[in-house]
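In: Have a look at this prediction, sequence included:
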Amino acid sequence: MKLLPEKQDGVRLRHALEVRNDSFAVPEFAALARKYDAAIVYAHHEKYPEIADVTGDFVYARLQRGSDDNEACYTEKELDGWAKRAKVWAEGGQPDDLPYVDAGTKADKTPRDVFVYFITEGKVRAPFGAMALQKRVDS
């Protein structure tokens, strides 16, 4: 992480780290990401580790458990939950219903950008899921 560039052509860069092995689900990884202001990607996935620790000045979430059989990828109740979490993240908080690897360390209560992406099996319904979530976040 020390080698990640801070700028490219004068533009500040922000880095997101998506890990796919449970060996990263340890406090030391979250501390290292926090040291370098790199966001750990929260992956709502069946196989990848779910690490919700806020370690950067933005949050990047990938919602990957949705179904293409569902018009908006996730159920109404699930979308309501994700909208609530996105708002908490944006206000500088950490949702209390997600898994953390470094539970003793809380993020700064500073408002932050939040990026939530829908990446479901066939990706057919993902845009509809994103629009349904955006409506909830905006209300």
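Out: Sure, I can see it.
In: Scan the protein for its longest helix.
Out: Scanning the chain for the helix with the most residues, using DSSP state H, yields helix 76-90.
In: Name the residues of that helix that come out as buried.
Out: Residues of helix 76-90 classed as buried by neighbour count (16 or more other CB atoms under 10 Å): 78, 79, 82, 83, 85, 86, 88, 89. Just so you know, the C-beta spots here come from the backbone N, C-alpha and C atoms, and that holds for glycine as well.
In: Stretch 66-76 too?
Out: Buried, per 16+ other CB under 10 Å, within stretch 66-76: 66, 70, 72, 73, 74.
In: and the last one, what does it touch?
Out: Meaning residue 74. 63, 65, 66, 82, 129, 132 (CB atoms under 8 Å, 6 or more residues apart in numbering).
In: one more time with 10 Å, if that's ok
Out: Listed by CB atoms under 10 Å, 6 or more residues apart in numbering, the contact partners of residue 74 are 44, 63, 65-67, 80-82, 118, 120, 125, 129, 132-133.
In: This completes my enquiry, with thanks.
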